[in-house]
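A.B. asks: with the input below, show me the fold.
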Amino acid sequence: MFSTAIRKNYNEISALCKRSGEPVYLTKNGEGDLVVMDIEAFARWESMLRLRENLLAVEEGRLKGRSGHSIDEVSTMMKAAVQEVLDGQRK
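C.D. replies: Numbering: from 1, shown residues only. Coordinates of the predicted model:
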């Protein structure tokens, strides 16, 4: 059974995820079935998705004519976003 193979190879899969920092794709009968990733990589991925969502929201607002931000405001926001990603990497 597939779950037995995962349990049997858990330590190897975990080590591969940690070593690569990338998702590991598991197949079943030659077809993609699961994606497994290290928790730190997942936290970075979530942070990047939040940042992307925020950037898209700002761009949509700009396109709708909402007022922008000063260079100082943008600098502060970018520093906060970078810090959020760095904090996510340390967890």
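
A.B. asks: SS state for Cys17?
C.D. replies: Of the three states, Cys17 takes helix under DSSP: H, G, I helix; E, B strand; the rest coil.

A.B. asks: pretty sure it contacts Asp38?
C.D. replies: Yes - the pair Cys17 / Asp38 is scored as a contact, 4.2 Å apart, by Cβ atoms under 8 Å. Just so you know, the C-beta spots here come from the backbone N, C-alpha and C atoms, and that holds for glycine as well.

A.B. asks: got any ranges where the chain has weak pLDDT?
C.D. replies: Applying pLDDT under 70 to the chain flags residues 1-2, 90-91.

A.B. asks: after the helix ranked longest in the chain comes which helix or strand?
C.D. replies: Using DSSP state H, we find that the single longest helix of the chain is helix 39-63. Counting by DSSP states H and E, the next helix or strand C-terminal to helix 39-63 is helix 71-90.

A.B. asks: contacting residues around the residue positioned nearest the centre of the chain?
C.D. replies: With distances taken as Cα atoms, centre = their mean, the residue of the chain nearest its centroid is Trp45 (0.4 Å). Taking Cβ atoms under 8 Å, 6 or more residues apart in numbering, we find Trp45 in contact with Met37.
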